[in-house]
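Peer 1: A predicted structure for the sequence below; I have some questions about it.
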Amino acid sequence: MEFRKTTVLPLDDAQEARKLLRKLIDDEPYVLFVVLGEGPSREQLVSKAGKFAGLDSDLKWVVWARSLEHVRPELEKLKGDIQFKNKVLTSGTQAFVLSFADELRDVIEQNETANNVRVVRAYLNGQKIL
């Protein structure tokens, strides 16, 4: 498993989970690949996203938010496409990507296959300068 460039948000402290996510969004210059939910498929997606996060010096990072409800208040503040935001907030999402400007740029929905190509495309969407 590739967790070198991954922050796993705590399940036992919702306040700390929100605090960590807010810090990564507001204070760090990252393209964030955020995986939502638990289970083997999510763990595999976290690992896959970590593999494509690049070197330590690359500005891509993975966040694993195993509880949507813990981080919902922070997700409600996100900027970007309203349709993406609605998908994220209604539990219809495996993962989403935030740009350097902290905007929602891509969503991997529940029914999508999150293969290598899809993960790379999500990162690329997050890196686009609009």
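Peer 2: That came in fine, so what should we check first? Residues are numbered from 1 along each chain as shown.

Peer 1: And the contacts of the biggest helix by length in the chain?
Peer 2: If you go by DSSP state H, the chain has its longest helix at helix 14-27. Helix 14-27 is contacted from outside by 7, 9-11, 30, 32, 34, 61, 63, 65, 67, 69-71, 73-74, 78, 98, 102, using Cβ atoms under 8 Å, 6 or more residues apart in numbering. For the C-beta atoms, the positions are set from N, CA and C on the backbone; glycine is no exception.

Peer 1: quick one, helices of the protein?
Peer 2: Using DSSP H, helices in the chain cover 14-27, 40-51, 68-75, 82-89, 116-127.

Peer 1: Tell me how far the longest one lies from the chain's centre.
Peer 2: If you compare the mean C-alpha spot of helix 14-27 with that of the full chain, they lie 12 Å apart, counting by Cα atoms, centre = their mean, to the nearest Å.

Peer 1: Residue 59 and residue 100 touch, don't they?
Peer 2: Yes. When contacts are counted by Cβ atoms under 8 Å, residue 59 is listed as touching residue 100 (7.1 Å).

Peer 1: what touches both of the two?
Peer 2: Joint contacts of residue 59 and residue 100 (Cβ under 8 Å, 6+ apart) are 29-31.

Peer 1: what about the chain, any weak spots by pLDDT?
Peer 2: The chain contains residues with pLDDT under 70 at 1-2, 130.

Peer 1: From residue 83, how far out is the closest residue to residue 9 other than its chain neighbours?
Peer 2: In space, and not counting its chain neighbours, residue 9 is closest to residue 17: 4.0 Å by Cβ to Cβ, 6 or more residues apart in numbering. According to Cβ to Cβ, to the nearest Å, residue 17 and residue 83 sit 25 Å apart.
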